[in-house]
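Colleague: quick one, what's the 3D model for this:
(one chain, ligands or ions: 2)
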Amino acid sequence: MIYTVTLNPSIDYLVEVDSFQIGRVNRTSYDAKFPGGKGINVSRVLKRLGNDTTALGFIGGQTGDFVKRFLKQEEIYTDFTEIAGDTRINIKLKTGVETEINSQGPTISKGNYQQLFNQIEQLENGDILILSGSIPSSVPADVYAALAETCSANGIKVVVDTSGKELLNVLLHRPFLIKPNHHELGELFGTEIKTVADAVEYGNKLIDKGAQNVIVSMAGEGAVLCSKGQCYSANVPKGKVINSVGAGDSMVAGFIGTYEKTGDLLAAFRFSLASGSATAFSSDLGTLDKIEELLPQIDINLLTGG
Ligand SMILES: Nc1ncnc2c1ncn2[C@@H]1O[C@H](COP(=O)(O)OP(=O)(O)O)[C@@H](O)[C@H]1O
Ligand SMILES: O=P(O)(O)OC[C@H]1O[C@](O)(COP(=O)(O)O)[C@@H](O)[C@@H]1O
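Modeller: Ligands and ions are numbered 1, 2, ... in the order given. Reported below is the predicted structural model:
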């Protein structure tokens with residue numbers, strides 16, 4: 001079974017405003033609410049690809065009920081830890097450019113944290129655990145490293161999609177996949193990732209530190225995969241960007257879903273690009289039909305090591 005962990009889920013409140021004026025009353029031309037948080041997005045896309053998952057994490061209040069109801073409608077298994085506070089609402093404002101306001105989210109108690117930890121200790125050899133998103137300030141900052149350590153001792157593949165030292169701390173436990181975007185990769189090394197060559201150079205440094213596979217996503221510039229001494233680049237398909245929230249999560253889902261079915265890293269990489277772009281070209285997350293329509297446009301090139 002694939003498990004996703006979202007420590008800080010959300011309702012993503014998508015708001016479109018034509019001719020937005022700061023400091024004025026603005027009216028929306030479109031608005032919608034979706035369940036959010038990186039692990040939850042990964043679960044939703046994996047379901048569309050035909051992979052069942054169980055979504056884990058902390059959930060609470062009426063906002064949390066919305067998330068649970070939405071996931072139930074999509075027939076996604078959940079086993080959330082119920083908390084006292086309300087799940088957060090994140091604002092995704094479209095005004096020609098995309099602006100995001102992500103809330104801090106509710107406090108997580110030590111008991112809640114322990115409950116999640118106990119759940120993850122029960123996972124079995126062959127399971128996959130996907131740890132995605134920011135870590136709430138009330139949760140120990142080394143939570144992903146601690147969970148990854150437990151999982152690698154139990155034969156469970158771990159995927160981590162986060163940033164900063166939380167990502168660095170996990171590398172020693174040899175995560176199967178990490179997926180920093182080019183900004184996050186640059187921040188790790190105090191530099192800017194401007195080109196594919198930069199992504200290869202710094203992606204390989206994360207391999208040296210312990211990651212088994214690294215995807216560096218570069219939004220409209222495509223992505224780089226570093227794996228087993230070789231690096232590959234991939235382009236993005238042509239299309240109109242509608243809402244890129246969840247594009248990175250869709251990449252993770254596309255990669256893991258395909259890898260789980262085929263064991264083929266390059267097929268998984270190709271599918272991950274089509275999945276990310278299918279989401280970027282949709283209001284909500286990309287559908288399987290959209291992903292399959294985009295797939296023929298993705299080319300993979302071997303860059304080094306071949
Ligand atoms: N402007 C775009 N055009 C086409 N595809 C895009 C665009 N922006 C994002 N994507 C797709 O989504 C993936 C992830 O986007 P990115 O912004 O790098 O990740 P994150 O959402 O994690 O910041 C890209 O690799 C690509 O497949
Ligand atoms: O946990 P964070 O870093 O606050 O991010 C949460 C936000 O990220 C998302 O999961 C989208 O992530 P990506 O655009 O990086 O794929 C939203 O659904 C959510 O509002």
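
Colleague: enumerate the residues of this protein near ligand 1.
Modeller: Residues of the chain found near ligand 1, taking C-beta under 6 Å from any ligand atom as the criterion, are 181, 217-220, 223, 236, 241, 244, 247-248, 251, 273, 276-277, 280. C-beta here means a position set from N, CA and C on the backbone, and glycine is covered the same way.

Colleague: what are the bridge partners for the closest residue to ligand 1 within the stretch 51-200 of the chain, then?
Modeller: Residue of the stretch 51-200 of the chain nearest ligand 1, by C-beta to the nearest ligand atom: N181 (3.8 Å). Note on N181: beta-bridge partners by DSSP bridges are S217.

Colleague: once you drop chain neighbours, what's closest to D161?
Modeller: Nearest residue to D161, sequence neighbours excluded (C-beta to C-beta, 6 or more residues apart in numbering): S132, at 4.2 Å.

Colleague: what do you get for V200?
Modeller: The shortest distance from V200 to any residue that is not its chain neighbour, by C-beta to C-beta, 6+ apart, is 4.7 Å, and that residue is C231.

Colleague: give the bridge partners for that neighbour, please.
Modeller: Those that pair with C231 in a beta bridge, by DSSP bridges, are C226, T304.

Colleague: I'd guessed it sits against F269; true?
Modeller: No. Checked against C-beta atoms under 8 Å, the pair C231 and F269 is beyond contact range at 10.8 Å.

Colleague: list residues touching both of those two?
Modeller: Counting by C-beta atoms under 8 Å, 6 or more residues apart in numbering, the shared contacts of C231 and F269 are L225.

Colleague: how about the contacts made by the closest residue to F176 other than its chain neighbours?
Modeller: Sequence neighbours aside, K157 is the residue nearest to F176 in space, at 4.2 Å (criterion: C-beta to C-beta, 6+ apart). Counting by C-beta under 8 Å, 6+ apart, K157 touches 127-129, 151, 176.

Colleague: can you give me the helices in the stretch 151-300 of the chain?
Modeller: Ranges of helices in the stretch 151-300 of the chain, per DSSP state H, counting those that start in this stretch, are 164-170, 182-189, 196-208, 247-262, 265-280, 288-294.

Colleague: ok, is the first one in contact with ligand 2 or not?
Modeller: No. Helix 164-170 stays out of contact with ligand 2 when judged by C-beta under 6 Å from any ligand atom, the minimum separation being 10.6 Å.

Colleague: same question for stretch 64-71.
Modeller: No. Interface with ligand 2: stretch 64-71 contributes nothing (C-beta under 6 Å from any ligand atom), its closest point being 10.7 Å away.

Colleague: residues in contact with that stretch?
Modeller: Contacts to stretch 64-71, defined as C-beta under 8 Å, 6+ apart, come from residues 9-11, 33-35, 40, 43-44, 55, 59, 78, 80, 82-83, 86-87.

Colleague: closest to ligand 2 out of the residues of the chain next to ligand 1?
Modeller: Relative to ligand 2, the closest of those is G248; by C-beta to the nearest ligand atom it sits at 3.5 Å.

Colleague: okay, now that closest one: neighbour count?
Modeller: The tally of other residues near G248 (other C-beta atoms under 10 Å) stands at 26.

Colleague: residues contacting it?
Modeller: Counting by C-beta under 8 Å, 6+ apart, G248 touches 38, 161, 179, 181, 217, 276.

Colleague: could you redo those residues as JSON lines and give each row neighbour count, pLDDT and distance to K110?
Modeller: What follows is the contacts of G248, written out as JSON lines (neighbours: other C-beta atoms under 10 Å; pLDDT from 0 to 100; distance: C-beta to C-beta, whole Å):
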{"residue": "K38", "neighbour count": "27", "pLDDT": "97", "distance to K110": "24"}
{"residue": "D161", "neighbour count": "27", "pLDDT": "96", "distance to K110": "25"}
{"residue": "K179", "neighbour count": "28", "pLDDT": "98", "distance to K110": "30"}
{"residue": "N181", "neighbour count": "21", "pLDDT": "97", "distance to K110": "32"}
{"residue": "S217", "neighbour count": "26", "pLDDT": "98", "distance to K110": "35"}
{"residue": "G276", "neighbour count": "34", "pLDDT": "98", "distance to K110": "36"}
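
Colleague: and the residues you listed near ligand 2, which?
Modeller: Among the contacts of G248, the ones lying near ligand 2 by C-beta under 6 Å from any ligand atom are K38.

Colleague: quick check: end-to-end length of stretch 174-185?
Modeller: 17 Å (C-alpha to C-alpha, to the nearest Å).

Colleague: equivalent analysis for stretch 276-293, please.
Modeller: According to C-alpha to C-alpha, stretch 276-293 extends 13 Å from its N-terminal end residue to its C-terminal end residue.

Colleague: residues in contact with that stretch?
Modeller: Stretch 276-293 is contacted from outside by 14, 32, 34, 41, 44-45, 48-50, 217, 223, 236-237, 239-251, 254, 271, 274-275, 294, using C-beta under 8 Å, 6+ apart.
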